[in-house]
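**Q** Quick one, fold the following:
(2 chains)
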Amino acid sequence: MSELIDIAARVVGWAQRGEQVEAFVVHANESEIRAYEGEVESLTSAESRGIGVRVVADGRQGYAYAGTLDEGALAETLREARDNATFAEPDEFNGVAEPDGHTPAELDLFDPTMASFSTDAKVALAIELERATRAADPRISGIESAEYVDTVFESAVATTTGIASTTRETGCYLSAYSLAENGDETQTGFGFSIGRGPSALDPAKAAADAAERATRLLGAVKPETGRVTVVLDPWVTAQMLQIIGHTLTGDAIQRGRSLFVDRLGDAVAVPAFTLIDDATDAEAFTASMVDGEGLATRPTPLIADGVLQGFLHNSYSARRGGTRSTGSAVRGGFKGAPGVGAQALALRPGTATQTELIAGIDDGLLVQGVSGLHSGVNPVSGDFSTGAEGLRIRHGEIAEPVREFTIASTIQRLLLDIQGVGSDLEWLPMSAAGVSLVVADVMMSGV
Amino acid sequence: MLDHELVNRTLGTALRTGGEFAEVFVEDKRSTSATLDDGRVEELTSGRDRGAGIRVVVGDTTGFAHTADLSESGLATAATAAAAAARGGGGGVKEVAVRPSAGPAPRPVRISPEDVAKATKVELLSLADAAARGESASITQVSARYGDSRRRILVANSDGLLAEDDQVRTLFSVSCVATGDTGLQTGRESTGRTVGFELFDDADVEAMARRAAGRAITKLAARPAPSGAMPVVVGPGGGGVLFHEACGHGLEADLVAKSASVFAGRVGETVATPLVTLIDDGTMAGEWGHFTIDDEGRPAGHNVLIQDGVLTDYMWDHLRARKEGRPSSGNGRRQSYQHLPMVRMTNTFISNGTDEPDDIVGSTESGVYVAQLGGGQVNTATGDFVFGMTEAYLIENGEITEPIREGNLIGNGPEVLTRIDALGNDFSMGSPGTCGKDGQGVPVGDGTPTLRVTSLTIGGTAA
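**A** As a prediction, this is how the structure comes out:
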C-alpha cells in the first residue's frame, strides 16, 4: 500500500521545472477458477502491476505506461510521457487535478478475509456453483461456464500539485451461464452473486437465477411487430442508465456529442425520474473513496424530478466548463489518462413492486435481457435499438416468452414515456443500480 | 526474445510436479496512439507490456500464471504457480528440449512505425480534421485516432515446439458529428492492417475523413428505420461482421465441445444455401486478423468452415484439438501474456458469388440496403444475433433510395445461412474489428461480397 504511493511520489519527484506530473500506480492480484463437469477446467492466478504517467508542460499533455514497476521502467515511462507531450497541441485547460478540500468518505471496501480464503475453498465454490446450476431444473442440459473470480486491488495517485491518495479494495463473484433444452430448442440464462468478500457469495442463488432465466425462455416465439408498453427488468434498466450516464458527462457535452447539449435546467424526463451518481454509496460494487485523479468522490445529482441539474466532471472538463470537478475522473486501468464518467448511478426508487407494475399493464412486455446495446445506441442522436428477449404481459399477468426481436425508441422519448419506477432498487455488477421501469409506446420489431 | 536454455529450464520446472503439457508464452508489446479531438491533437500515449504466461495441463485441468518478471527466478515462480494450479500429482523431473520450428518466418514490414517520427504520425490527424471540416459547415466535431503496435511473441511448449512472431499493426480512424435541424448524426471510417507505416501509401486519410463526414451529413436527412422482417441487401465488405457473429462464433470448437453452439455435431450436414462458402484465414497477408503463428505457436491456417453450404469443420486451438486427437487449425489466440488462449477467429469471410451487385439490388422490390454495419453480438447456443447498422438506405422498387437512421438488425445465424438467395462477385474486406470473447479482445478481419438475405428483422422506430 504505502509502497505504491512511494513509487508514485518518487516519479512525481522527478518532475522538471514548469512541468506537471501525475503518476498512477496499480497492483492487483486476481484468481479465476472455472468448473466444468465437477472438475476444475482452469485455474488462473495472476499478479499484475503497472504505472501510467501524465505530463503536462506548456499546456501540452503526454501519457505513457508500462506493465511493470521495475526501477528502470519508471524513469523511462516518465521520459516517454514527457517526449509525447511535446507533440500534442497546447490546451489551456490541460493539467492534473488540484486538491479541493473535499475529504474522502470512509468506506469499507476491503475485506481482509479475502487474503486468507484458500484456493481449495475457491475451487469448492466454483464446483458447487456448477453442480447446483445443473441440479436446479431437469431441463438444464449443460453449462457454458461456471466460475469464481476474485480481485485484490490497490492503487495510488500522486501529483506535483500535492495530491497523494491511495485506494484498496477487494471483490469477488460467482457467475454461471446455463443451457436449457426442450426438444430441439436451446435457451441460455445467467446468474451471479457478488460481494466484497467470500461470505457474501451465495452459489444457490446464482444457480437458481441461471436456471430460471434459461428455462423461462423455453418455448419462446418471435412476437408481432407493434408498439407496446414495456417493463424493463432492473438488469436492463441499469444498462440503459450506464448509457445515459455517458451522455451526462461534461466531456460529451463540451464536445457536442450528447443529446443533452443545451438542455441544462430543462425538463428532460417525467417528474418521477431522479438520477444521481454517488460512488460514496457503499452498497454499490463500484463504490470508491477517490476518483481516478485522486479527488474525493461525492454524490452528484444529474436529473432531479425530471429536470436536468448538472453534469459529471473531471478536472479537465471542470476547468473547461468553468466549474469544479465532481470527482468523476475514471480510468480504464493504467494504460490511459483519466476520462470522465459515472461511477455509481441510481434512480430514486418508487413504491410499487415489479409484480404490481405488471398488474397495471393490459398488453405489454417484460424485457428480461437485451443484446447489442453497445452497437445499438447512439449517445449523440439518442436513437437506440436493441435486441431483446422476455415475456409478454397480458391482462396484468406474465404470459408467453418471446425472443429474437428488437425494441427501439430514442433516449429523449424514453425518459418522457416513463410511467412507473419500481421499488426494487438493486445494485448490480456495473456502474449502475437497477430498478424496474415502465416505459410506454416502445417500438417492438419481430415478425 | 528469451534465451532458449532458460525456456527449457522453465518448461522443466512447470512439468516437475507431473504436468502433462506445459507452455511458455512470452510477449513484448510496444504501442503508440495519438488522438485528435475538438480540433486539437490532444495527447500521445505510448506504452510497453512485457511478460510471460505459463500454463500447465493435467488431465482436463489447466493451471495458468503470468509474470512481468522475465528473470530466471520470476519465470520459475510463475511456472511453479501454474503447476500448483493444475494440481500436478508429482513425478520425476522431465527434460524438455525445445528447438526452433521450421515453420513460417515472421513477415517483415516495409516501414517500421518505430522508425517514423511522432510528428509525422500527428500530422495525419490534422490532415483528417481539416478534410472532414472542409466537407461541410454542418460538420461540428471531428475526432481521429492513429495507432500502431509491435508485438513480438515467443511460444515454446513441452512438445518441443519453439516459434516466434513479430506482429506489426497500424490503424487509423475518423469519426464525425454533423449538426442539422434534425439533431446530431455521426459517421465513421477506419482502416487497419497488419503492416507498418506503409499503410498510408494506400490509405488516404483525407479521403477517409471525407467519407466519414459524408456518412454523418447523409444521415441528417435520414428517416427513422422501418420495423419488422424484410429483405436485406448487405453491401460488399459491410457484411463480414454478420457472419462473424451469425456463424463464426458458433464454429469455435470450445463452444461446440460444451454443446453451447447450434452447430455442434453437424459436420457434414447442409447448414447453408449452396451459395455459401465460409472461410477463416489467418494467412491473408496484411489483413487486420493476420499473423504468422497463433498465440500457441501454430502456423496460421486457411480453414474452410462451410463449403458450398455444407459444414466442413470447426476452428481449433491446442487444447480442444488435443482432446480430439487432431491438429490445431491455428486459431489459438489471446489478448496478452496475461490471458489463457482460446479458440478465436482471424479473418472470416464469405467468398465471391457470381451475381452482379446491381442485379441483386434491382431484383429487390422493397427492403433495406446496409452499406456499413457496426458492432454485433451473438448468443452461440441459440444462434440469435444482433448488430447495428451505421449506414443504411431503403430499397424501393429495386432502387436504393433514402438514407435511414441507425437501428439494430436481429436474426438467427443458422436461419440466415439458409436465407441467402443472392451472392455478388464484388468481394471486399470490411473494417478492422476487435472481437471480444470472455473479456478478451483480439484484432479480427472480415469480408463479403454483396449479398441478399430474404428476411431479417430491422429494429427501427417507424411502424
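**Q** just the helices in the stretch 101-250 of chain A please.
**A** Along the stretch 101-250 of chain A, the segments classed as helices by DSSP state H, counting those that start in this stretch run A:113-116, A:119-135, A:203-215, A:234-247, A:250-254.
**Q** Let me know which of the ones you listed is the nearest to A:Glu32.
**A** helix A:119-135 (9.2 Å; C-beta to C-beta). For every residue, glycine as well, the C-beta is placed using N, CA and C.
**Q** looking at the chain, which helix or strand is least sure?
**A** Defaulting to chain A. For chain A, using mean pLDDT, DSSP states H and E, the weakest element among its helices and strands is helix A:373-376, scoring a mean of 74.
**Q** let's do chain B instead
**A** Lowest mean confidence among the helices and strands of chain B (mean pLDDT, DSSP H and E): strand B:99-100, at a mean of 75.
**Q** Point out the other helices and strands that that strand packs with.
**A** With contacts taken as 3 or more C-beta pairs under 8 Å, 6 or more residues apart in numbering or on different chains; DSSP states H and E, strand B:99-100 sits against strand B:161-180.
**Q** how about the strand it packs on against chain A, any contact?
**A** Yes. Counting by C-beta under 8 Å from any C-beta of the partner chain, chain A has neighbours in strand B:161-180: B:Val177, B:Thr179.
**Q** from the middle of its chain, how far away would stretch A:25-33 be?
**A** Averaging C-alpha positions (C-alpha atoms, centre = their mean, to the nearest Å) puts stretch A:25-33 18 Å from its chain's average.
**Q** Does that stretch reach chain B?
**A** No. Figure legend: stretch A:25-33 not in contact with chain B (C-beta under 8 Å from any C-beta); closest approach 8.7 Å.
**Q** For stretch B:67-77, give the mean pLDDT please.
**A** Here stretch B:67-77 scores 93 as its mean pLDDT.
**Q** Return the set of buried residues in the least confident helix or strand of chain A.
**A** For helix A:373-376, a neighbour-count test (16 or more other C-beta atoms under 10 Å in any protein chain shown) marks A:Leu373, A:Ser375, A:Gly376 as buried.
**Q** hey, where'd the helices end up in chain B?
**A** B:4-15, B:72-85, B:118-135, B:199-202, B:205-220, B:240-243, B:253-257, B:318-324, B:357-362, B:413-418 (DSSP state H).
**Q** And the least confident helix or strand of chain B, how far out from the chain middle?
**A** Centroid separation for strand B:99-100 versus its chain: 29 Å, with C-alpha atoms, centre = their mean.
**Q** Span of stretch B:334-349 from start to end?
**A** 21 Å (C-alpha to C-alpha, to the nearest Å).
**Q** pLDDT (mean, whole number) over it?
**A** Average pLDDT, stretch B:334-349: 97.
**Q** go on, stretch B:221-237?
**A** Stretch B:221-237 shows a mean pLDDT of 93.
**Q** rewinding a little: same list (the helices of the stretch 101-250 of chain A) but as JSON lines, adding distance to B:Thr10 and mean neighbour count.
**A** Listed next are those as JSON lines, based on distance: least, C-beta to C-beta, whole Å; neighbours: other C-beta atoms under 10 Å in any protein chain shown:
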{"stretch": "helix A:113-116", "distance to B:Thr10": "28", "mean neighbour count": "13"}
{"stretch": "helix A:119-135", "distance to B:Thr10": "22", "mean neighbour count": "20"}
{"stretch": "helix A:203-215", "distance to B:Thr10": "36", "mean neighbour count": "22"}
{"stretch": "helix A:234-247", "distance to B:Thr10": "42", "mean neighbour count": "22"}
{"stretch": "helix A:250-254", "distance to B:Thr10": "45", "mean neighbour count": "22"}
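**Q** Show me where the stretch 251-400 of chain B dips below the pLDDT cut-off.
**A** Under the criterion pLDDT under 70, no range of the stretch 251-400 of chain B is flagged.
**Q** what residues does it put near chain A?
**A** The interface of the stretch 251-400 of chain B toward chain A, taken as C-beta under 8 Å from any C-beta, is made up of B:255, B:258-260, B:262, B:338, B:340, B:374-377, B:379, B:381-382, B:384-388.
**Q** Mind giving me the PyMOL select for these, buried ones only?
**A** To isolate the buried members of those in PyMOL, using 16+ other C-beta under 10 Å:
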select buried, chain B and resi 255+258+259+260+262+338+340+374+375+376+377+379+381+382+384+385+386+387+388
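**Q** so who does the residue of the stretch 151-300 of chain A found nearest chain B touch?
**A** Among the residues of the stretch 151-300 of chain A, A:Thr225 lies closest to chain B, at 4.1 Å counting by C-beta to the nearest C-beta. Neighbouring residues of A:Thr225 by C-beta atoms under 8 Å, 6 or more residues apart in numbering or on different chains: A:Phe405, A:Met443, A:Met444, A:Ser445, A:Gly446, A:Val447, B:Ser227, B:Gly228, B:Ala229, B:Ala463.
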